[in-house]
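In: below is the sequence, then the predicted model.
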Amino acid sequence: MYQDVILDHYKNPHGRGLRDGQAEVHHVNPTCGDEITLRVRMDGTTIGDVSYEGQGCSISQASASVLNELLVGKDVSEAQKIQETFLELMQSRGRIEPDDAMEETLEDAVAFAGVSKYPARVKCALLSWMAWKDATAQALSGTAAPKESA
Amino acid sequence: MYQDVILDHYKNPHGRGLRDGQAEVHHVNPTCGDEITLRVRMDGTTIGDVSYEGQGCSISQASASVLNELLVGKDVSEAQKIQETFLELMQSRGRIEPDDAMEETLEDAVAFAGVSKYPARVKCALLSWMAWKDATAQALSGTAAPKESA
Amino acid sequence: MTTTPSAGRALPGLLDTEAIRKDFPVLDRLVHDDRRLVYLDNAATSQKPRQVLDTLAEYYERYNANVHRGVHVLAEEATALYEGARDKVAAFVNAPSRDEVIFTKNASESLNLVANMLGWADEPYRVDRDTEIVITEMEHHSNIVPWQLLAQRTGAKLKWFGLTDDGRLDLSDIEQVITEKTKIVSFVLVSNVLGTVNPVEQIVRRAQQVGALVLIDASQAAPHMVLDVQALGADFVAFTGHKMLGPTGIGVLWGRQELLEDLPPFLGGGEMIETVSMHSSTYAPAPHKFEAGTPPIAQAVGLGAAVDYLTAIGMDKVAAHEHALTRYALERLVEVPDLRLVGPTAAEDRGATISFTLGDIHPHDVGQVLDEQGIAVRVGHHCARPICLRYGIPATTRASFYLYSTPAEVDALVDGLEQVRNFFG
Amino acid sequence: MTTTPSAGRALPGLLDTEAIRKDFPVLDRLVHDDRRLVYLDNAATSQKPRQVLDTLAEYYERYNANVHRGVHVLAEEATALYEGARDKVAAFVNAPSRDEVIFTKNASESLNLVANMLGWADEPYRVDRDTEIVITEMEHHSNIVPWQLLAQRTGAKLKWFGLTDDGRLDLSDIEQVITEKTKIVSFVLVSNVLGTVNPVEQIVRRAQQVGALVLIDASQAAPHMVLDVQALGADFVAFTGHKMLGPTGIGVLWGRQELLEDLPPFLGGGEMIETVSMHSSTYAPAPHKFEAGTPPIAQAVGLGAAVDYLTAIGMDKVAAHEHALTRYALERLVEVPDLRLVGPTAAEDRGATISFTLGDIHPHDVGQVLDEQGIAVRVGHHCARPICLRYGIPATTRASFYLYSTPAEVDALVDGLEQVRNFFG
Ligand SMILES: Cc1ncc(COP(=O)(O)O)c(C=O)c1O
Ligand SMILES: Cc1ncc(COP(=O)(O)O)c(C=O)c1O
């Protein structure tokens, strides 16, 4: 499961740290205690920034890094499609062999295909993605109070 | 387990019915619902009467009849010894082969030896004997209010 | 009286019991030296097919690990098996969601779980001094005592439906029994003494009118008929594994998802939490919220195998088999002099559990003499003493059938009762 | 680093694991294609010897029936086996009376049972607004959440002992923690994370001074050492079958007879009653009063077989084996760079459960890479999150041994950790 891509992201995470955003969420994986605090900044319908901080295993850390790399700068509708594809892959229990189209959509995130065979780790891989989905929904609905980095 | 002696007592019970006494108890076997109401009348230290009423299976009914036949007229200390011997026999799980001494003490009650192999029925056989022990203790301690037949 | 040989053997609707019985090792057992066991105590517990026993053995020999928290192979596999059993049970009762299936230790725990949730719930579910609980006079003690305890501890009023002379619920005063004050109506789908199948729809309709929750005790239904929690329309359904070919030590509570979300937990501990600090804790979503501690893992997996076995045969076929057998048994039992049925005398709306008295002969004696012939029936109150009180009898003898029971076993029972009568006659 | 071959194999006090391992089918299992399983997750659950599995199979194939109420052969035999298991467990923990042994579904239920009894009890046991409950910061969630729920529901105050830096209970303020207001002190005998063996006597003495009851969570003790409830001096002792070679789905609560007589029941239902009417019920004497519904019959019988197995080996021998292994493991683990033990570093007053962190490598990753080598350890909070909070760590990796564990398995762990470091280095 530990693809080089995953280990690279784990050792050199993209976009780590909390920066300004319109919404902040805190998600926890109760089975292992992985935690993430994640903020989303929207520039219109474009994902302006996804900033995050947390503790967790290589899978959850690398997954947040990949998410940042993949989603920032994308239009929200496209980002949502990517999130859904990633979710589908991760819930496949190793049964989906990513095809070219999927690889194009997911880029580095396709490296997590192997993780989907390990149910206990799927939640790690999804932690940041679920947090992002939640935060984005809040940012878009305008219900969230803006968050600023200290 | 159904010795002829037992079936005889079941069909023709001795001393059934409630008569005067110094103490009355009501005992229930919760596993099957057998019930007995039993009164003891002491004449000094002699068992003057043991009267009873109740519902139950052949074993519990016959056992009350045997008790009446065996204990009435005996001195209480002798009766207690008989009760203890019967208890020992019933709790033997079929392991005691009654000897001559035991047969002499227990008379007809020795027929219950076979019942001791059936744990679910041991309680039936002991119901009246436990009730008698209880009632006698009350009668002797003088704590019980005298009971009269209606 | 002699056996009417094979009179019943050609009954339409019977399963191929010859094949089925090969799966049940205990049915080959000889008792009292040389008597072939005639097991007619299925309402107390069922026997287990080899398929279930093999599943249990395989679980322990290959996969055994604690569930949910492990990253090692065995933990992953054990978790998949345990959660796979939940999927199977959910499908078996047609639950809208697998997360609505809670594993408990038996039906009694399932029933107590609901009673306790309601005692600690917030409005609008909370049972307290100004509210009422409704049960029936034909409940198993496990569906009486938890409500008596709840009533004592909250001050709520406990009410119940009485019984008609022919062993059915007396619903004539349903509007007085289930009222605006009623918070919960809990009743048995199939009586474990009378065999009666109760009219769910009428009761659920009235409960919904007044906004009361409905809990159905399906302990004697799940093993014997198609159970569809959505069709029942109840809020909770409880049943028990050991009566439906599964291991002992496993029960089920199905509950509607919104309710499971809103209601408070019962047992606290490992597995049921989201996050714990010394100062406070939050709880995992259902079903885990209600499964404190290491669950009965092997037993759930075994129940999954039992459900597979039953599904392969088909619950409609199981029901048809038992219906045919019940009809035959009722026909033959009325031939026995002095035998009085306790419960419906017709096979309609009736399960394969038949209680009766035999003249003045005490059920204990009936059961003992039958046992000497290898025939296992249950005698006593069957954990439902109010029924005996209602009908003014000390106890009953109960014969109960299952998918492996045969007309020949009915014949053996009838012959056995004849011997009982001779013996005590 | 390479294995130091057989360095530990000649340790004094070791059991004949070669013989013992033959009894445990799962230990022959290959994982990830060709790796022999190295099972070091015994604090989560133990594996089961063939003797236990055979007992389970035999129970279901020959004796299966519901207990207590039957007059037929199977019911008598099943009852004798079930009650025989109670005798065995009573002897195993040196209970003064067999009637003090209550079968539950797991330790969590046992702990919740006590919490609930005290919530509904009369004086002098009743936990209410003016009283205090004492636990410790090293409890398993199953000995935290029930008390949090009880405190919330009764208004009682929950207090606890903190931990010292080296993983022991900080009892320096024992007189302030356990006071005249304390109704119950509940604490773990052996920590499932730290391995710490706690000083029972000091706590029991203080509790008795103020008239508080004492509940000991012996879940990690019963499998591993001589457990003598009389010597402990506690009022209740809880443990769980699956960690001591027994089946899942069975737990034990031992309680002092007078208390069990005085305290109210918890779950209501069949088997726990004396007599039931619709208006009121009375309860059977203990232990039945606390065993509502069909008990985990086969599981109790299986636990009896587990107890026989352990007794035949001798619990003192089991303890000596684990002590030798723990000492060896501690010695070897300190060799691993960046490894930080969480819990006592010496083998004294310590069980065979060793938690640690490995540099910055997350335990999930440690566990996963060990698993790829066939080594099963547990990672995470181990259902005791307050310990992680106390030591400021997200989680730990935990290796835990049992009577079939070997020095070679310790070596495999140490080698495996080296690979983990290389991988994430
Ligand atoms: C110390 C301790 N207490 C309680 C428990 C709970 O046991 P169970 O999960 O069997 O209820 C465990 C194990 O999980 C434990 O290690
Ligand atoms: C109708 C009914 N409800 C509840 C129960 C309780 O089931 P269990 O004893 O498995 O908890 C039974 C069986 O004993 C039953 O027949």
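Out: Structure's in. What do you need? Ligands and ions are numbered 1, 2, ... in the order given.
In: for stretch A:129-137, the distance to its chain's centre please.
Out: Between the centre of stretch A:129-137 and the centre of its chain there are 8 Å (Cα atoms, centre = their mean, to the nearest Å).
In: does that stretch reach chain C?
Out: No. Using Cβ under 8 Å from any Cβ of the partner chain, stretch A:129-137 stays clear of chain C, with a minimum separation of 13.6 Å. C-betas here are computed from N, CA, C, even on glycine.
In: show me what counts as buried in that stretch.
Out: Buried residues in stretch A:129-137, defined by neighbour count with 16 or more other Cβ atoms under 10 Å in any protein chain shown: A:129, A:130, A:131, A:132, A:133, A:134, A:135, A:136.
In: which pLDDT value belongs to residue 11?
Out: Answering for chain A, as no chain was given. Per-residue pLDDT puts residue A:11 at 92.
In: nope, chain C please
Out: Per the predicted model, pLDDT is 88 at residue C:11.
In: with adjacent residues omitted, what lies nearest to it?
Out: residue C:324 (4.4 Å; Cβ to Cβ, 6 or more residues apart in numbering or on different chains).
In: correct me if wrong: that neighbour contacts residue C:12.
Out: Yes. Using Cβ atoms under 8 Å as the test, residue C:324 is close enough to residue C:12 to be in contact (6.5 Å).
In: excluding chain neighbours, what is closest to residue C:71?
Out: With Cβ to Cβ, 6+ apart, the residue lying closest to residue C:71 is residue D:367, at 4.3 Å.
In: about what we covered before: which strands and helices sit next to the strand or helix carrying the residue nearest to residue C:11?
Out: For residue C:324, the enclosing helix or strand under DSSP states H and E is helix C:315-333. Judged by 3 or more Cβ pairs under 8 Å, 6 or more residues apart in numbering or on different chains; DSSP states H and E, the packing partners of helix C:315-333 are strand C:339-342, strand C:353-358, helix C:407-424.
In: what's the shortest one packed up against?
Out: Packed against strand C:339-342 by the contact rule (3+ Cβ pairs under 8 Å, 6+ apart) you find helix C:315-333, strand C:353-358.
In: pLDDT of that strand, averaged?
Out: Mean predicted confidence for strand C:339-342 is 97.
In: now the buried residues of stretch A:129-137 in JSON lines, with pLDDT?
Out: Output for those, formatted as JSON lines (pLDDT from 0 to 100):
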{"residue": "A:129", "pLDDT": "97"}
{"residue": "A:130", "pLDDT": "96"}
{"residue": "A:131", "pLDDT": "97"}
{"residue": "A:132", "pLDDT": "97"}
{"residue": "A:133", "pLDDT": "97"}
{"residue": "A:134", "pLDDT": "96"}
{"residue": "A:135", "pLDDT": "96"}
{"residue": "A:136", "pLDDT": "96"}
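In: nearest to residue C:188, out of those: which one, please.
Out: residue A:130 (42.5 Å; Cβ to Cβ).
In: which residue packs closest to that closest one, ignoring adjacent ones?
Out: residue A:27 (6.1 Å).
In: quick revisit: more neighbours, residue C:324 and residue C:12?
Out: Between residue C:324 and residue C:12, counting by other Cβ atoms under 10 Å in any protein chain shown, residue C:324 is the more crowded of the two (19 against 6).
In: tell me which residues touch that one, please.
Out: The contact partners of residue C:324, by Cβ atoms under 8 Å, 6 or more residues apart in numbering or on different chains, come to C:11, C:12, C:13, C:14.
In: what's the answer for residue C:342, then?
Out: Contacts for residue C:342 were tallied using Cβ under 8 Å, 6+ apart; they are C:167, C:193, C:194, C:355, C:356, C:357, C:387, C:391, C:393, C:396.
In: quick one: neighbours of residue 113, just the number.
Out: If you meant another chain, say so; for now it's chain A. Residues near residue A:113, counting by other Cβ under 10 Å: 20.
In: switch to chain C, please.
Out: Residue C:113: 25 neighbours (other Cβ under 10 Å).
In: correct me if wrong: it contacts residue C:290.
Out: Yes. The pair residue C:113 and residue C:290 passes the contact test of Cβ under 8 Å, sitting 6.4 Å apart.
In: what do the two both touch?
Out: If you check residue C:113 and residue C:290 against Cβ under 8 Å, 6+ apart, the residues they both contact are C:102, C:104, C:253, C:266.
In: got a winner among those residues for most neighbours?
Out: residue C:104 (28 neighbours).
In: buried sites along stretch C:203-212?
Out: For stretch C:203-212, the neighbour count (16+ other Cβ under 10 Å) marks C:203, C:204, C:206, C:207, C:212 as buried.
In: what does that stretch contact?
Out: C:124, C:134, C:171, C:174-175, C:178-180, C:182-185, C:187, C:213-214, C:232-234.
In: mind running it again at 10 Å?
Out: The set of residues external to stretch C:203-212 that reach it, using Cβ atoms under 10 Å, 6 or more residues apart in numbering or on different chains, is C:124, C:131-134, C:136, C:161, C:169, C:171, C:174-175, C:177-187, C:199, C:213-216, C:232-235.
In: find me the pLDDT at residue A:31, would you?
Out: On the pLDDT scale, residue A:31 gets 69.
In: only whichever of the contacts of stretch C:203-212 are buried, select them in ChimeraX.
Out: Here is the ChimeraX command that selects the buried residues among the contacts of stretch C:203-212 (16+ other Cβ under 10 Å):
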select /C:131,132,133,134,136,161,169,171,174,177,178,179,182,183,184,185,186,187,213,214,215,216,232,233,234,235
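In: pull the contacting residues for residue 81.
Out: Unless you meant another one, I'm taking chain A. A:74, A:75, A:105 are the contacts of residue A:81 under Cβ under 10 Å, 6+ apart.
In: chain C, not that one
Out: By Cβ under 10 Å, 6+ apart, residue C:81 lies in contact with C:55, C:58-59, C:62-65, C:67, C:297-298, C:300-301, C:304.
In: where's the spatially closest residue to residue C:129 that is not a sequence neighbour relative to residue D:167, distance?
Out: Nearest non-adjacent residue to residue C:129, counting by Cβ to Cβ, 6+ apart: residue C:155, 3.6 Å away. Distance, residue C:155 to residue D:167, using Cβ to Cβ, to the nearest Å: 47 Å.
In: so between the two, which is more surrounded?
Out: residue D:167 (22 against 12).
In: now do that one, the pLDDT please.
Out: 97.
In: what's the answer for residue C:6, then?
Out: Predicted confidence (pLDDT) for residue C:6: 50.
In: which SSE is the residue positioned nearest the centre of chain A in?
Out: Computing the C-alpha centroid of chain A and ranking residues by Cα atoms, centre = their mean puts residue A:129 first, at 3.4 Å. Assigned by DSSP H and E, residue A:129 belongs to helix A:119-141.
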